[in-house]
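pasting a predicted model and its sequence here:
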Amino acid sequence: MSNEGLWEQLEKLDCANTAQRAKCEYLSDEECYIIQFLNTEYIVDFSDKKIYSIQEDSPPKPATFLEELCLLAYLINAKDLPLANKLVGTEALPAGQFFFRGPHTLPTKKLEKVFGTNPELLLKISEKFDAKKCKFGDASITLNVLPRLPLTIVIWRCCEEFEARASILFDQNAASLLPLDALLAAVNLTVDALITVSADSN
């Protein structure tokens, strides 16, 4: 699998306009974008068609296939628009009720397993992602996956009467920023990152 086609699309776009749309920085001398993904800084380098993350006290780390997919698709598709400030589920996204099924189902079960008995853990790790605490369910946060793409995670605690529940909500404009396959990839990366950090904090 390759993201070569996405690189080709991105190279045809005006760099300054792309940086404005995507709410990131373009360095013309280095021919690269600097962009935040899950509170980590990434370099999108045109010179060798590579993407890598920059973190303090560690060497640059090459992006995974899914990280690359999300970043390239976002740079290509992002629009310079304000948030709709209306939270919706997948069924309210264009074609979402058809796409997010079967193997494309959102990873809410993973969230329920990790946070369902301890919703406070989600709040505890939220600072790692510069997330904002919300007032939905027993614990909820909103974090920016990409500069214009917030994601809201809601957890309901399990009890004697009910099993744990989790919801993943999007800004109504989310599908205008990423195609649905890249949006699902972004969600999966976010959930995996939350679970990894939660394991480290226990």
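Sure, I can see it.

show me the contact partners of the helix of greatest length in the chain.
The single longest helix within the chain, with elements called by DSSP state H, is helix 180-201. Counting by C-beta atoms under 8 Å, 6 or more residues apart in numbering, helix 180-201 makes contact with 38, 66-67, 69-70, 73-74, 93, 95-96, 99-100, 104, 106-107, 110-111, 114-115, 121-122, 124-125, 128-129, 143, 145-146, 149, 151, 153, 168, 170, 174-175, 177-178, all of which sit outside it. From N, CA and C alone the C-beta is placed, and that goes for glycine too.

cool, and stretch 163-173?
Residues external to stretch 163-173 that are found in contact with it (C-beta under 8 Å, 6+ apart): 79, 81, 83-90, 92-93, 106-109, 111-113, 115-117, 136-137, 149-158, 183, 187, 191.

ditto for stretch 3-10
For stretch 3-10, with C-beta under 8 Å, 6+ apart as the criterion, the contacting residues are 18, 49, 65, 68-69, 72-73, 75-76.

chain center to it: distance?
A distance of 20 Å separates the centroid of the chain from that of stretch 3-10, by C-alpha atoms, centre = their mean, to the nearest Å.

show me what counts as buried in that stretch.
Along stretch 3-10, the positions that meet the burial threshold by neighbour count (16 or more other C-beta atoms under 10 Å) are 3, 6-7, 10.

please tabulate those in TSV, including the columns pLDDT.
Output for those, formatted as TSV (pLDDT from 0 to 100):
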residue	pLDDT
3	86
6	95
7	95
10	95
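
pick out the residue closest to the middle of this protein.
The residue at the geometric middle of the chain, judged as the C-alpha nearest the mean C-alpha position with C-alpha atoms, centre = their mean, is residue 145 (3.2 Å).

quick one: it is in a strand?
Yes: in this structure, residue 145 lies within a strand as judged by DSSP: H, G, I helix; E, B strand; the rest coil.

excluding sequence neighbours, find me the nearest residue to residue 47.
Distances taken as C-beta to C-beta, 6 or more residues apart in numbering place residue 31 nearest to residue 47, at 5.4 Å, with adjacent residues excluded.

since we're on that neighbour, how many residues are nearby?
13 (other C-beta atoms under 10 Å).

swap in residue 102?
Residue 102 has 6 nearby residues by other C-beta under 10 Å.

could you number the chain from 17 rather than 1 from now on?
Sure, I'll start counting at 17 from here, so that last one is residue 118.

per-residue pLDDT, residue 89?
The predicted structure scores residue 89 at 97 on the pLDDT scale.
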